[in-house]
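Enquirer: here is my input, please return the structure:
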Amino acid sequence: MKSTLFRYIFNEIWPTFLAGLSVFVFIVVATKMLSIMDMIVGRGVSISHVARMVLYLLPDIVGFALPAASLIAVVLAFLRLSVDSEIIALKSSGISLYQMLPPVLFFSCLGLIASLLISFIGVPWGNNSFKSLIFQIVESKADLGIKERTFCEPFSKVVFYVNRLSVRDNEMEDVFVTDRRDPSVTNTIIAERGRIFVNPREKVFVLHFQNGAIFIADKDHRSGRTVKFETYDLSIGLKDIMAALASRKKAPKEMTAGELIRQLKETPKRETRYNDMIIELMEKVSIPLAVFLMGIIGMPLGAQLQARGRSAGIGVSLAIFLVYYLCLAGARSICETGLIPPQIGVWIPDLFLLVSAIYLVQCVANERSINLLSGFIGPRFRPA
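Expert: Numbers count the residues shown, from 1 in each chain. Presented below is the predicted three-dimensional model:
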């Protein structure tokens, strides 16, 4: 009887989970694709490169969607059982809510394990591979959109004018460049010749100029100076090529747990980067734990939402996920400033979920209505 009930409830959960996860992934991928459409259209990126971009983005997207998909799957499974009065039938047969809990715990544990694997292995691999792929794409088109005898801005706040450009050799003649990346000064470079070099290890482009001068003016143009040079190198990083992409150092999201621990030992505690790495390391465990707790919360919610149907179940689930996500984003921001130690602040959203799970399970097990939600759903929100 127990094994039959276990399989029956579990089979109610996992199809909805896969469907919900697919919908979440599709929506997030669609929004992510908008951020790289400029590169796809402007640089002529191949379909294979686009497919690899999506593949590398998937671990981060799935890790983000798992808590919501887990909650919705369990809520809708128990909502269906509640609407069809199967929960009442089970209770009348002497089966309590706690006896229906094992399949939910098993499903939540599977979600926890999957989320841990994604956090510790998938996300660092995906983010690092995505960054490397973007650099390879740009490296393969080293002219970066620079055109002869045309003012163009191939990088953010860097304007080029080149009288002659050899795409094959990446050589330029009679070069005029205005660099406004530093908000305090504007650098204007005039050179007879220039050439583009690639540094794959540091993931930067180096523009090597020969025989020219740099005109340096402050923000208000009240003072300036001129520096003549025989050779001058201007470095362009990925962050100047595509917004929100990386620096020369690995970002915390690109690091494995071992790399984060090693970097923490070498980074002074007063630096912002130290807090970022602590947050990333803690979230590798706190977010998977949230997936587990979301599954537990879904059981009592689904059991009591029978009068409102599937739309109410999805709405309440998304509302809880939104509150969790806002708590997560708020805790992360506070921890980054150092007002709360990251070792403590990162766990605040999980504490909210843990308290909610205990309260909801006890309410439903003791045949009490969930007071916090009865006002939100309406008078027809009642125990099964």
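Enquirer: how far does the one helix or strand Val50 maps to sit from its chain's centre?
Expert: Assigning secondary structure by DSSP states H and E places Val50 in helix 47-83. Distance of helix 47-83 from its chain centroid, counting by CA atoms, centre = their mean, to the nearest Å, is 13 Å.
Enquirer: next: stretch 273-291.
Expert: Per CA atoms, centre = their mean, the centroid offset for stretch 273-291 relative to its chain is 12 Å.
Enquirer: now swap in stretch 346-363 and tell me
Expert: 24 Å.
Enquirer: so where's the stretch 101-250 of the chain shaky on pLDDT?
Expert: 135, 138-146, 154-156, 167-169, 199-203, 221, 237-250 (pLDDT under 70).
Enquirer: follow-up on the earlier one: can you give the contact residues for the helix or strand following the helix holding Val50?
Expert: Per DSSP H and E, helix 47-83 leads on to helix 86-92 as the next helix or strand towards the C-terminus. Helix 86-92 has contacts (CB atoms under 8 Å, 6 or more residues apart in numbering) with 5, 78, 81, 97, 100, 303, 384. (C-beta placed from N, C-alpha, C; glycine too.)
Enquirer: tell me the helices and strands packed up against the next helix or strand after helix 86-92.
Expert: Where DSSP H and E defines the elements, the next helix or strand beyond helix 86-92 is helix 101-117. Packed against helix 101-117 by the contact rule (3 or more CB pairs under 8 Å, 6 or more residues apart in numbering; DSSP states H and E) you find helix 2-43, helix 47-83, helix 272-304.
Enquirer: tabulate the CA atom coordinates of helix 101-117 in PDB.
Expert: Included here for helix 101-117 are C-alpha records, laid out as PDB according to Å, rounded to 0.1, in the frame of the first residue of the first chain:
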ATOM      1  CA  LEU A 101       5.000  13.200   2.700                       C
ATOM      2  CA  PRO A 102       7.700  10.600   1.700                       C
ATOM      3  CA  PRO A 103       7.200  10.900  -2.100                       C
ATOM      4  CA  VAL A 104       7.400  14.700  -1.700                       C
ATOM      5  CA  LEU A 105      10.600  14.400   0.300                       C
ATOM      6  CA  PHE A 106      12.000  12.000  -2.300                       C
ATOM      7  CA  PHE A 107      11.200  14.400  -5.100                       C
ATOM      8  CA  SER A 108      12.600  17.400  -3.100                       C
ATOM      9  CA  CYS A 109      15.800  15.500  -2.500                       C
ATOM     10  CA  LEU A 110      16.200  14.800  -6.200                       C
ATOM     11  CA  GLY A 111      15.800  18.500  -6.800                       C
ATOM     12  CA  LEU A 112      18.300  19.300  -4.100                       C
ATOM     13  CA  ILE A 113      20.900  16.900  -5.600                       C
ATOM     14  CA  ALA A 114      20.300  18.200  -9.200                       C
ATOM     15  CA  SER A 115      20.600  21.800  -8.000                       C
ATOM     16  CA  LEU A 116      23.800  21.000  -6.100                       C
ATOM     17  CA  LEU A 117      25.300  19.500  -9.200                       C
END
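Enquirer: okay, the angle between whichever helix or strand comes after that helix and helix 2-43?
Expert: Using DSSP H and E, the helix or strand that follows helix 101-117 in sequence is helix 123-140. On the basis of axes from the mean of the first three to the mean of the last three CA atoms, to 10 degrees, helix 123-140 is oriented at 20 degrees to helix 2-43.
Enquirer: which parts of helix 123-140 are buried?
Expert: For helix 123-140, burial by neighbour count (16 or more other CB atoms under 10 Å) applies to 123-124, 126-135, 137-138.
Enquirer: that older thread, nearest to Gly315, of the helices and strands packed on helix 101-117?
Expert: helix 47-83 (10.1 Å; CB to CB).
Enquirer: so which elements touch the closest one?
Expert: helix 2-43, helix 101-117, helix 123-140, helix 272-304, helix 309-337.
Enquirer: how far off centre is stretch 76-92?
Expert: 36 Å.
Enquirer: average pLDDT across that stretch?
Expert: Per-residue pLDDT over stretch 76-92 has a mean of 84.
Enquirer: measure it end to end?
Expert: Criterion CA to CA, to the nearest Å; first-to-last residue distance in stretch 76-92 is 22 Å.
Enquirer: could you find the closest non-adjacent residue to Asn128?
Expert: Glu254 (4.2 Å; CB to CB, 6 or more residues apart in numbering).
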